[in-house]
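**Q** mind folding the following:
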Amino acid sequence: MKIIAIINNKGGVGKTTSCFTIANYFARKGKKTLVMDLDPQSNLTFSFGLAIDHHHDSIYESAVNKKLDPLKIKDNLFLVPANQYTPKFNNDFNDSFSPDTIISRLLKKYSDDYDVCIIDTSPDLSLLTRNGLSCADSIYIPLKVGVYEAIGSKKLMDNIEVLEEVYNKKNVLKGLFFTMVDLRSNISKEVLINITNIFNGNILNSKIRNSSSILEATAMRTDVISYNESSTGALDYLALCDEIAEIEGIK
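**A** Prediction:
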């Protein structure tokens with residue numbers, strides 16, 4: 001099982017939308033896909049049609065019971081949702097042995113049951129987020145075109161480098177990708193070039209442009225590729241997903 005985490009310590013950058021779309025993409029490709037919502041805000045869970053007060057096990061109950069009981073969404077797509085108990089993970093497991101590797105140890109039991117695992121994290125460096133970082137084979141950072149977003153992502157990259165040292169991992173960060181891009185704006189184009197230079201070689205080729213189809217698909221609780229495959233948003237996300245699949249060697 002390939003474990004992919006989508007991480008950013010700033011909100012509003014398209015992180016959850018990207019997780020949702022990438023997970024649906026792999027499921028459509030016939031890959032048995034596990035999705036984990038590690039964000040107490042439960043936005044990914046809501047995207048799959050569940051309310052926060054649903055009764056299915058979140059990662060908190062999974063950690064307590066030391067087993068996963070994912071909810072089947074559709075063929076090849078399974079979800080470990082967030083719920084009202086998810087925030088308890090950050091408090092209740094903080095003093096346990098090697099707390100940053102709880103989810104990693106849990107997922108090892110299921111490494112042969114799924115082809116890919118997509119992890120959505122909260123916009124902070126909480127215990128849940130650190131667990132997402134420590135168990136990931138690959139990390140991707142969605143990046144909104146903006147100076148402050150770039151500064152925040154640079155700090156996140158520094159934390160990932162520390163994590164690689166602590167857990168003896170190499171090249172976990174596979175790349176950043178731009179979201180909410182407005183190619184009509186000269187300012188956006190200039191910032192895009194400057195940020196690309198700052199992150200030198202870490203930027204994926206695919207860019208997600210501003211698109212009403214993405215907003216519409218989100219409102220309909222479906223991914224933009226399924227919603228309107230010929231739309232700008234669908235074409236951009238399809239290109240991104242294809243690029244990630246190639247990087248990960250998932251055919």
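
**Q** flag the shaky bits of the stretch 1-150 of the chain, pLDDT-wise.
**A** The model of the stretch 1-150 of the chain has pLDDT under 70 over residues 147-150.

**Q** those helices in it, which residues are they?
**A** Remark: helices assigned in the stretch 1-150 of the chain by DSSP state H, counting those that start in this stretch are 15-28, 43-47, 59-65, 88-92, 102-108, 127-135, 147-166.

**Q** closest to Tyr237 out of those helices?
**A** The closest of those to Tyr237 is helix 15-28. By C-beta to C-beta, the value is 4.9 Å. For the C-beta atoms, the positions are set from N, CA and C on the backbone; glycine is no exception.

**Q** what does that closest one contact?
**A** Here helix 15-28 makes contact (C-beta atoms under 8 Å, 6 or more residues apart in numbering) with 4, 6-8, 33, 35, 39, 43-44, 47-48, 74-77, 115-116, 118-121, 123, 140, 142, 177, 179, 208, 214, 218, 223-226, 237-238, 240-241, 244-245, 250.

**Q** can you select the buried ones from those residues in ChimeraX?
**A** Remark: buried members of the contacts of helix 15-28, expressed as a ChimeraX selection using 16 or more other C-beta atoms under 10 Å:
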select :4,6,7,8,33,35,39,43,44,47,48,76,77,115,116,118,119,120,121,123,140,142,177,179,208,214,218,223,224,225,237,238,240,241,244,245
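
**Q** next step: the contacts of helix 15-28 restricted to strands.
**A** Among the contacts of helix 15-28, the members falling in strands (DSSP state E) are 4, 6, 33, 35, 74, 77, 116, 118-120, 140, 142, 177, 179, 208.
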